[in-house]
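Novice: Everything below, folded, please.
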Amino acid sequence: MDTPVVREVEHEITVAAPAREVYRLIAEVENWPRIFPPTIHVDQAGHGPGHERIRVWATANGAPKNWTSQRALHPDTLRIDFRQEVSTPPVAAMGGAWIIEPLTAQSSRVRLLHDYRAIGDDPQGLAWIEQAVDGNSRSELAALRTNLELVVGSEQLTWSFADTVHIQGDPKDVYDFINEADLWSERLPHVVRVNLGESEPGLQELEMDTMSPNGSVHTTKSYRVCFPHDRIVYKQTTLPALMDLHTGCWTFQPTATGVAATSQHTVVLKAENVTAYLGPDAGVAEGKAHVQDALSTNSRATLGHAKTYAESRR
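Specialist: Model (predicted):
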């Protein structure tokens, strides 16, 4: 029997951040949508001393994928080993490690190692994986440097907020209204155009044009991961000019009288664009207020229509 072909590659980058802070941000998977462009969402599926099981939703070569990985955490040596438990074709097996090496008190080297096999050692499959690993690794490390330095040095640009509407209706009806985004151009006055694709159940690609109160139209694109009938998490990949990052989560919490529906946002402000869009006297505070008002306005409008829909069906 032929020995399977295992490819091994390594990428590295230097970041202006302390090694232990870099390790912490990579170890805590809730940070991944903020620091890695391909990552849409990560769930912790189980954990024990020094190890955990995670499920990852991310794009590879522009297509949404998901997989389950085991991770071994080594905080003393600043190393995290990972191995995909369930891979997505054409990947037969995938693993590797993050290794963080201190250079100075305020800088470090991040090494990202991968080893992988293709199903049946198919040459086209190997080429696809090689392209995906190389592209994702380069973008991940470049974004890691940018976002780590941003997180460590400019926490004032990142903030989270939420809007909640109490609905006297079935939580499933509220969830369905948010899940069925392909109908939003019919149901929501501020949505001009919508295109919803679902590559597999619960993994959605959403592109839409929305109209602002001043009449301007903005195109946004998001990937969404849906967990019936509990929550829908998303990451926006085509962003308005004032945002460097936007992730969010719709949650549907049953109550004694119906459901508390919440739209939560986490945003990183693109500070260098604030004066161009809001005037020479505008600063970070004005930029954050403008972004939050725009997102909250749309969230409250959407939840308001979801409330009308669900309560009419009760």
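
Novice: hey, C-alpha coordinates of the helix or strand hosting Ala260 in PDB?
Specialist: Assessed by DSSP states H and E, Ala260 sits inside strand 259-269. The C-alpha coordinates for strand 259-269 follow below in PDB (Å, rounded to 0.1, in the frame of the first residue of the first chain):
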ATOM      1  CA  VAL A 259     -39.500  35.700  23.600                       C
ATOM      2  CA  ALA A 260     -36.800  38.300  24.300                       C
ATOM      3  CA  ALA A 261     -35.200  38.800  20.800                       C
ATOM      4  CA  THR A 262     -31.800  40.500  20.900                       C
ATOM      5  CA  SER A 263     -29.500  41.800  18.200                       C
ATOM      6  CA  GLN A 264     -25.900  42.100  19.500                       C
ATOM      7  CA  HIS A 265     -23.000  43.800  17.600                       C
ATOM      8  CA  THR A 266     -19.300  44.000  18.000                       C
ATOM      9  CA  VAL A 267     -17.600  46.600  15.900                       C
ATOM     10  CA  VAL A 268     -14.100  47.900  15.300                       C
ATOM     11  CA  LEU A 269     -14.200  51.600  14.100                       C
END
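
Novice: Where do the helices of the stretch 101-250 of the chain begin and end?
Specialist: 123-153, 171-179, 184-187 (DSSP state H, counting those that start in this stretch).

Novice: Show me how this structure divides into domains.
Specialist: 7-153, 156-312 (automatic domain parsing).

Novice: Make TSV out of these and add mean neighbour count.
Specialist: C-beta here means a position set from N, CA and C on the backbone, and glycine is covered the same way. Converted to TSV, those look like this (neighbours: other C-beta atoms under 10 Å):
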stretch	mean neighbour count
domain 7-153	17
domain 156-312	17
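
Novice: would you turn those domains into JSON lines with mean pLDDT?
Specialist: Output for the domains of the chain, formatted as JSON lines (pLDDT from 0 to 100):
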{"stretch": "domain 7-153", "mean pLDDT": "89"}
{"stretch": "domain 156-312", "mean pLDDT": "94"}
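
Novice: Mind giving me the packing neighbours of the helix or strand following the strand holding Ala260?
Specialist: For strand 259-269, the following helix or strand on the C-terminal side (DSSP H and E) is helix 274-278. If you count contacts as 3 or more C-beta pairs under 8 Å, 6 or more residues apart in numbering; DSSP states H and E, helix 274-278 packs onto helix 284-312.

Novice: possible to save the helices of the stretch 101-250 of the chain as JSON lines with distance to Ala17?
Specialist: What follows is those, written out as JSON lines (distance: least, C-beta to C-beta, whole Å):
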{"stretch": "helix 123-153", "distance to Ala17": "5"}
{"stretch": "helix 171-179", "distance to Ala17": "37"}
{"stretch": "helix 184-187", "distance to Ala17": "40"}
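
Novice: For Leu278, find the nearest of the ones you listed.
Specialist: Closest to Leu278 of the helices of the stretch 101-250 of the chain is helix 123-153 (C-beta to C-beta; 20.3 Å).

Novice: How far off centre is the closest one?
Specialist: 14 Å (C-alpha atoms, centre = their mean, to the nearest Å).

Novice: how near is the closest residue to Val267 other than its chain neighbours to Gln292?
Specialist: Spatial nearest neighbour of Val267, excluding adjacent residues (C-beta to C-beta, 6 or more residues apart in numbering): His246 at 5.3 Å. Noted for His246: a distance of 11 Å to Gln292, by C-beta to C-beta, to the nearest Å.

Novice: Equivalent analysis for Leu188, please.
Specialist: Taking C-beta to C-beta, one finds Leu188 at 20 Å from Gln292.

Novice: Please name the residues that touch the residue nearest to the spatial centre of the chain.
Specialist: The centre of the chain sits closest to Ile40, judged by C-alpha atoms, centre = their mean, with a distance of 3.0 Å. Residues near Ile40 by C-beta atoms under 8 Å, 6 or more residues apart in numbering: 33, 57-59, 64, 223-225, 233-235.

Novice: Which single one of these is nearest to Leu112?
Specialist: Ala58 (14.2 Å).

Novice: I believe the closest one is in a strand; please confirm or correct that.
Specialist: Yes: counting by DSSP: H, G, I helix; E, B strand; the rest coil, Ala58 falls inside a strand.
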